[in-house]
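> I would like the atomic coordinates for the input below:
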Amino acid sequence: MSLEFLQFLQTYEKLIYCSLAVVVFFMFYLLKKVITRNLFLLLLKISKHRLNGFFLQLRLSFEQPIQGLILILGVYVSVRIFPYLDQDHVFFMHVIRSSIIFMIGWGLFNLSSSSSLMFTKLNKRFHLKIDSILIPFFSKAIRLIIVAISLSVIAQEFGYDVNGFVAGLGIGGLAFALAAKDALANLFGGIIIITEKPFTIGDWILTPSVEGTVEDISFRSTKIRTFAQALVTVPNATLANESITNWSKMGKRQITFSLRLTYDTSREKVESVVSQIELSLRENKNIHQDTIFVNFDTYKENGLDVFLYFFTKTTDWGDYSKIRESVNLEILDILEREAVSIALPTRKLLIDRDVAANDPFVQQQT
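This next block holds a predicted model:
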């Protein structure tokens, strides 16, 4: 058998193995979605549909990582079929194992997002009572741990000494703390916000810096959406040292104002107006009945002030505005029935006739 023929056979054999490896890899590539879908359907069937709420989140988190694992398996099988790439087999296995670790860490990273149902399920299952303000912190902390563990395992897979790196962090810890004192202040400010709970996500708050609805709380800052729809980011250290008014914690909402009647209103009319206004408030189902004050309060320069002080049961701004409007319209009806006028800021000018008769300026005007 000639040398040329042997070389031809070797080349032909390599082409066969190469073609077979490519076909196997493309089979894994084309079937990755089908295998992933059937795998989740099998999991759902095994759980007897008890994971319905959590299953969607699990699928969204691990669908792409599982497809990546199937591709990694396809690469491994293809390389094993093509034996001529086994010269650096140890390094290849390090790459395969590191890829598997990366895919698993990717899925866990997605699952631990703040929008995940994992925290809700933990709340119900173990009665942990995790406040919504803690979920972003727990999510970011868990994600940081997952990334750190994944990178350390991958580094160890390639022979890097992680222990030396951790020891180096301890030596440079003081310098790092001094350089990042503002970041640490914001971190401790966030811890204060969590422990004292002056507000939570979704609350309407007022501070010397900003007023709006809390949208997110991170390690460094708190994001607040103002009523002008601007997103304001306030450092936690600043927010923790400011006075915070939480309007969402109101059990009822205050309405107070003064109604000024003209001085020509008789005593009987004033008493009637006061009693009718108080009666209408007592009969209003939207008004909190524990605190209602309607009193003739004081004499002003141009009228008689009737003081009103009461609360609405709702704290919602839209409902509050509608209730306040209905109360004002009812007061207008009462004043109209009693023929009582609201005082306007006017002044009366009294002219002495004897003085006016001798004043050429007054005579000119008349």
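
> Name the residues linked to K300 by a beta bridge.
With DSSP bridges applied, K300 shows beta-bridge pairing to G303.

> ok, it to K269 distance?
Look at K300 and K269: by CB to CB, to the nearest Å, they are 17 Å apart. C-beta: built from backbone N, CA, C; applies to glycine.

> M103 now?
In this view, M103 and K269 are 83 Å apart by CB to CB.

> higher neighbour count, these two?
Between M103 and K269, counted using other CB atoms under 10 Å, M103 has the larger neighbour count: 21 against 15.

> Looks like the more buried one contacts I70 (just checking).
No. M103 is beyond contact range of I70, at 9.7 Å (criterion: CB atoms under 8 Å).

> mean confidence for whichever helix or strand V90 is part of?
V90 is part of helix 89-111 when elements are defined by DSSP states H and E. Averaging pLDDT along helix 89-111 yields 87.

> Which strands or helices does it pack on?
helix 52-81, helix 135-157 (3 or more CB pairs under 8 Å, 6 or more residues apart in numbering; DSSP states H and E).

> could I get those as JSON lines with mean pLDDT?
Output for the helices and strands packed on helix 89-111, formatted as JSON lines (pLDDT from 0 to 100):
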{"stretch": "helix 52-81", "mean pLDDT": "83"}
{"stretch": "helix 135-157", "mean pLDDT": "83"}
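
> How about F158: what's its closest non-neighbour residue?
H94 (5.8 Å; CB to CB, 6 or more residues apart in numbering).

> mind listing the helices in the stretch 251-366 of the chain by residue range?
For the stretch 251-366 of the chain, the helices defined by DSSP state H, counting those that start in this stretch occupy 267-283, 317-337, 353-357, 360-365.

> let me redo that: the stretch 101-250 of the chain
Counting by DSSP H, counting those that start in this stretch, one finds helices in the stretch 101-250 of the chain at the ranges 118-126, 135-157, 162-171, 173-179, 181-196, 236-240.

> quick one: the longest helix seen in the chain to chain centroid distance?
Longest helix in the chain, counting residues (DSSP state H): helix 3-46. With CA atoms, centre = their mean, to the nearest Å as the basis, helix 3-46 stands 47 Å off its chain's centre.

> what's the average pLDDT for it?
79.

> which helices and strands sit right next to it?
Counting contacts by 3+ CB pairs under 8 Å, 6+ apart, helix 3-46 is packed against helix 52-81.

> What is the helix it packs on packed up against?
Judged by 3+ CB pairs under 8 Å, 6+ apart, the packing partners of helix 52-81 are helix 3-46, helix 89-111, helix 118-126.
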